[in-house]
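Q: here is my input, please return the structure:
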Amino acid sequence: MARIFITGSTDGLGRAAAQTLADEGHQVVLHARSRERAATLTDLARQSAGVVVGDLSSAVETRNIADQVNAMGRMDAVIHNAGIYLGDRDATPEGHARTLAINTLAPYVLTALMQRPGRLIYLSSGMHHGGDDSLHDIDWIERRWNASQAYSESKLYLTAFAFALARRWPDVLSNAVDPGWVPTKMGGRGAPDDLQMGHLTQTWLAASDDAPAKTSGGYWHHREPRQPAAEVSDRRFQDRLIAKLAEMTGVSLP
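A: Numbers count the residues shown, from 1 in each chain. So this is what the prediction gives:
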């Protein structure tokens, strides 16, 4: 059975994925933003291999999360599930836009600092197709805040990062997933997509021995490959993005 770490696993897709993997007998390491949030895990925590606590909007706490997971040993897979859509910029302790910090910077830092797993899964969105690849003012300091555009760009960056890792780290299976517009806290009760299929793609990529699940550099929706935005596969964009993220976080990708 696999050891799998899932960020943002106190509710929504992350919790559903954690429950599914735990029920299948895998050792799941959970993540909560705070001790108060960790207390809501109850029975799932008792099934788990451990719970790490830290706010992904904080650079200091994100580094601490990496330390906590590394202390448990190497993971077989990591599902970067945590994500956020905010109506305003809402600066982090370091002054970054919170949407960028949680959706892009934190997955980058965790990936760079944690022991390299066998599989990496990044939660994208179909909205990444609307992202701007200029990498100009990605922290929304000069531009007037646009919540939809900021979210779309954060997911474009994350998806391109997943593809960059598939190229740079051939010993790791790295994939991005569009879970669809599902009825979670972020998606809203009226979201039309299938919540069940929204999380089963992640669990399949994290632990399945099916041949398609053991491929790398894919963009998936409901266990079917989809075509990402053209920028995602652009090596020059990938390299520019990684250089930008390294500059912003002070963390170099191994």
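
Q: quick one: low-confidence parts of the stretch 1-150 of the chain?
A: Low-confidence segments of the stretch 1-150 of the chain (pLDDT under 70): none present.

Q: all helices for it, in order.
A: Under the criterion DSSP state H, counting those that start in this stretch, helices of the stretch 1-150 of the chain are mapped to 12-23, 35-38, 42-47, 59-72, 98-100, 106-113, 147-168.

Q: looking at the ones you listed, which is closest to Gly198?
A: Closest approach to Gly198 among the helices of the stretch 1-150 of the chain is made by helix 12-23 (5.5 Å; CB to CB). Heads up, the C-betas are built off the backbone N, CA and C, glycines and all.

Q: returning to what we had before: can you redo the helices of the stretch 1-150 of the chain as JSON lines with mean neighbour count?
A: Formatted as JSON lines, those follow (neighbours: other CB atoms under 10 Å):
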{"stretch": "helix 12-23", "mean neighbour count": "23"}
{"stretch": "helix 35-38", "mean neighbour count": "14"}
{"stretch": "helix 42-47", "mean neighbour count": "14"}
{"stretch": "helix 59-72", "mean neighbour count": "17"}
{"stretch": "helix 98-100", "mean neighbour count": "23"}
{"stretch": "helix 106-113", "mean neighbour count": "24"}
{"stretch": "helix 147-168", "mean neighbour count": "23"}
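
Q: in TSV, list those helices along with distance to Gly83.
A: Below are the helices of the stretch 1-150 of the chain laid out as TSV (distance: least, CB to CB, whole Å):
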stretch	distance to Gly83
helix 12-23	9
helix 35-38	15
helix 42-47	20
helix 59-72	14
helix 98-100	9
helix 106-113	9
helix 147-168	8
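
Q: Pro254 is nearest to which of the ones you listed?
A: Closest among the helices of the stretch 1-150 of the chain, using CB to CB: helix 106-113, at 6.5 Å.

Q: list the helices and strands the closest one packs on?
A: Packing contacts for helix 106-113, counted by 3 or more CB pairs under 8 Å, 6 or more residues apart in numbering; DSSP states H and E, involve helix 59-72, strand 77-80, helix 147-168, helix 235-249.

Q: quick one, which of the helices of the stretch 1-150 of the chain is nearest to Leu245?
A: Using CB to CB, the nearest of the helices of the stretch 1-150 of the chain to Leu245 is helix 106-113, at 4.7 Å.

Q: let's check: the centremost residue of the chain is which one?
A: For the chain, His80 is the residue whose C-alpha lies nearest the centre (CA atoms, centre = their mean; 2.7 Å).

Q: for the residue nearest to that residue when sequence neighbours are not counted, give me its contacts.
A: Distances taken as CB to CB, 6 or more residues apart in numbering place Pro107 nearest to His80, at 4.3 Å, with adjacent residues excluded. Pro107 is in contact with 7, 80, 122, 158, 161, counting by CB atoms under 8 Å, 6 or more residues apart in numbering.

Q: for the second one, give me its contacts.
A: Yep, that's His80 we're talking about. Contacts of His80 (CB under 8 Å, 6+ apart): 7, 107, 110-111, 120-123, 158.

Q: of these, closest to Gln19?
A: Thr7 (15.3 Å).

Q: nearest residue to the closest one in space, please, no chain neighbours.
A: Leaving aside its chain neighbours, Thr7 sits nearest to Ala82 (4.0 Å; criterion: CB to CB, 6+ apart).

Q: Ile242 and Arg35, how far apart?
A: Distance, Ile242 to Arg35, using CB to CB, to the nearest Å: 33 Å.

Q: list the buried residues in stretch 211-229.
A: Neighbour-count burial for stretch 211-229, counted by 16 or more other CB atoms under 10 Å, picks out 213, 216-222, 228-229.

Q: backbone dihedrals for the nearest residue to Pro170 once chain neighbours are set aside, please?
A: Excluding the flanking residues, the one nearest Pro170 by CB to CB, 6+ apart is Ser216, at 7.8 Å. When read as degrees, to the nearest 10, the backbone of Ser216 gives phi -130, psi 150.

Q: perfect, that will be all.
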